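Student: Have a look at this prediction, sequence included:
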Amino acid sequence: MTSISVIVPSYNRANFLREAINSLTAQTRPVEEILVWDDGSTDSTPNEVKSLSGPIRYFRGENGGKAKALNAAMREARGELIWICDDDDIALPGAVERLAGVLERRPEAGVAAGSYVRFRDDAATGARVETGPGYWPDLSDGSVLRHLLEDIFLFQNATLVRRALYDKVGPFREDLARSIDYDMVVRLALQAPVVVLEEPLFKQRKHDGARGPAAARHAAAQSDAVWKQADRALFAPFRESIPLSLYAGLFDGALAQRAGLLQRACVFARRTDWDSAINDFKAAATMDPNVALSEVEQAICRRALAGKHGMVEATSGPVRARLVQVGRSGAVGTQIANALARGALWRGRAAFSAGRLPEAAQIARFILSLGLSARGPQPTVPAPPLSERREPLHLAV
């Protein structure tokens, strides 16, 4: 059997750490070691770890953030498979057995992953309230890589990775204050197949405490703005490091290159990087300009407005005006604008149903503007067959 190292980076979570580590020592398949890397905690973490039993190796360093702690712990890990677990979440008993079994049966896979449930302890009653995952895509459509580029849905507690793959992609980025797990899982998926089990493997704790490293803490109430900014910063280097050929490699068909441009536009629109997205929409509109968009391509455009960060930036005057220009650029531009308008429709309905009338009105103006711009000529050549690859091409280091 392959050996497994668990890495638990921790910072001031003594009140949660015991439950987290006990869930690791209770696994149906024992792990060879549990490395607890204390990132300079100022609470009772050292004593808490000393009181626990199991194959625990405790390390302590100066506070430098999660990425630095993980890189240091990785140098100490001895296992062939690496399981990184947060210090406040709870692994379900059969998690590592299920994940390791996948990698042992599938030697071509570099990552095995699963789903999760969220939970919160009610402060008033002490009751534990569980909900489903925050976001989980339809994995019957498209590749795991495409879904990961659009949004994060795999988390470290439900992700087992070959040590050799970590060595191949390089260390965690220590320049990132947050989203280091998202950056890493994208880099892993770019290099090797990811096999996903659609079953819960851990419980993700939701609480109102501070988040992030000591130098950049933020409260849960500030989370949306902080993560939006982090998401843009995270994906900015991917604009250069992920070639268009990889986006095109997500698709199979004569117009895979155009679909790749639209897919890259979708990815960056969901990051609210509309400058990058519009450049790709414009380029796609001029590629085979008389050949109609396939349903696959139209769906890509609709997803551009379905990201977790919303579409408020898209409805602003300058961005809306540039998208209108795309709609007026020709037959394919007309179809792109129509698909974007259709993608915005459900957001407008949701805002109206929730009583957010100013937002609903703003989205309605956006839809109207794009709809008016998309009254131009239609493509004269039917769309050729296009499909998504279940297992896309991967990068070569």
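Tutor: Sure thing, it's come through. None of these values were measured; they are calculated from a predicted model. Numbering: from 1, shown residues only.
Student: any chance you could map the strands in the stretch 101-250 of the chain?
Tutor: For the stretch 101-250 of the chain, applying DSSP state E, counting those that start in this stretch gives strands covering 111-121, 128-131, 159-162, 194-205.
Student: Determine the longest helix present in this structure.
Tutor: Longest helix of the chain, by residue count under DSSP state H: helix 331-353.
Student: Now do the very next helix or strand once past that helix: which elements does it pack against?
Tutor: Counting by DSSP states H and E, the element after helix 331-353 in chain order, helix or strand, is helix 357-373. Using 3 or more Cβ pairs under 8 Å, 6 or more residues apart in numbering; DSSP states H and E, the elements in contact with helix 357-373 are helix 317-327, helix 331-353. Bear in mind the C-beta positions are built from the backbone N, C-alpha and C, glycine included.
Student: Return the set of buried residues in the shortest one.
Tutor: Right, helix 317-327. Across helix 317-327, burial judged by 16 or more other Cβ atoms under 10 Å covers V319, R320, R322, L323, V324, Q325, V326, G327.
Student: Now do it, average pLDDT.
Tutor: For helix 317-327, mean pLDDT rounds to 95.
Student: same deal with the longest one?
Tutor: Per-residue confidence for helix 331-353 averages out to 94 on the pLDDT scale.
Student: quick one: buried residues of that helix?
Tutor: Neighbour counts over helix 331-353 (16+ other Cβ under 10 Å) mark 331-344, 347-348, 351 as buried.
Student: For the chain, which residues score under the pLDDT cut-off?
Tutor: Applying pLDDT under 70 to the chain flags the ranges 208-223, 395-397.
Student: what about 90?
Tutor: Residues of the chain meeting the criterion pLDDT under 90: 1, 121-128, 130-135, 177-179, 206-230, 371-378, 391-397.
Student: Pick out the residue nearest the middle of it.
Tutor: Note on the chain: the residue nearest the mean C-alpha position is I152, at 1.5 Å, using Cα atoms, centre = their mean.
Student: And it, how far from V267?
Tutor: According to Cβ to Cβ, to the nearest Å, I152 and V267 sit 12 Å apart.
Student: same check, this time on Y182
Tutor: From Y182 to V267 the distance is 13 Å (Cβ to Cβ).
Student: Looking at these two, which one has more neighbours?
Tutor: Neighbours per residue (other Cβ atoms under 10 Å) separate Y182 from V267, with V267 holding more: 27 against 21.
Student: V326 touches K282, doesn't it?
Tutor: Yes - counting by Cβ atoms under 8 Å, K282 is a contact partner of V326 at 5.7 Å.
Student: Overlap of the contact sets of those two?
Tutor: Counting by Cβ atoms under 8 Å, 6 or more residues apart in numbering, the residues touching both V326 and K282 are G333.
Student: sec struct for the closest residue in space to K66 that isn't next to it in sequence, please.
Tutor: Using Cβ to Cβ, 6 or more residues apart in numbering and skipping the chain neighbours, the partner closest in space to K66 is P9 (5.2 Å). Classification of P9 by DSSP: H, G, I helix; E, B strand; the rest coil places it in strand.
Student: Neighbours of P9, how many?
Tutor: 26.
Student: bridging residues for it?
Tutor: Following DSSP bridges, P9 is listed with bridge partners W37.
Student: Quick one: the helices in the stretch 201-350 of the chain, in order.
Tutor: Shown for the stretch 201-350 of the chain, the helices assigned by DSSP state H, counting those that start in this stretch span residues 223-235, 238-241, 244-248, 256-269, 274-285, 295-303, 317-327, 331-353.
Student: TSV for those, including distance to S369?
Tutor: Shown next, in TSV, are the helices of the stretch 201-350 of the chain (distance: least, Cβ to Cβ, whole Å):
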stretch	distance to S369
helix 223-235	24
helix 238-241	27
helix 244-248	28
helix 256-269	16
helix 274-285	14
helix 295-303	16
helix 317-327	5
helix 331-353	9
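Student: V194: which of the ones you listed is closest?
Tutor: In terms of Cβ to Cβ, the element of those nearest to V194 is helix 244-248, at 14.7 Å.
Student: Distance from the chain centre to the closest one, please.
Tutor: Going by Cα atoms, centre = their mean, to the nearest Å, the spacing between the C-alpha centre of helix 244-248 and its chain's C-alpha centre is 19 Å.
Student: Packing partners of it?
Tutor: Using 3+ Cβ pairs under 8 Å, 6+ apart, helix 244-248 is in contact with helix 256-269.
Student: Show me what counts as buried in stretch 52-72.
Tutor: 52, 56-58, 63-72.
Student: before we move on, what about stretch 304-316?
Tutor: A304, L305, A306, G307, H309, G310, M311, E313, A314, T315.
Student: residues touching the fifth one, list them.
Tutor: The neighbours of H309, taking Cβ under 8 Å, 6+ apart as the test, are D224, W227, K228, D231, R270, R271, T272.
Student: what's the closest non-adjacent residue to the third one?
Tutor: In space, and not counting its chain neighbours, K228 is closest to H309: 4.9 Å by Cβ to Cβ, 6+ apart.
Student: How about the first one?
Tutor: In space, D224 comes closest to H309 once its chain neighbours are excluded; the distance is 7.8 Å by Cβ to Cβ, 6+ apart.
Student: next one: the last one
Tutor: Residue nearest to T272 in three dimensions, not counting chain neighbours: E313, with 4.8 Å by Cβ to Cβ, 6+ apart.
Student: Could you spell out which stretches of this protein belong to which domain?
Tutor: Domains of the chain are assigned by automatic domain parsing as 4-235, 254-388.
Student: measure the first one end to end?
Tutor: Across domain 4-235, the straight-line distance between its terminal residues is 31 Å, by Cα to Cα, to the nearest Å.
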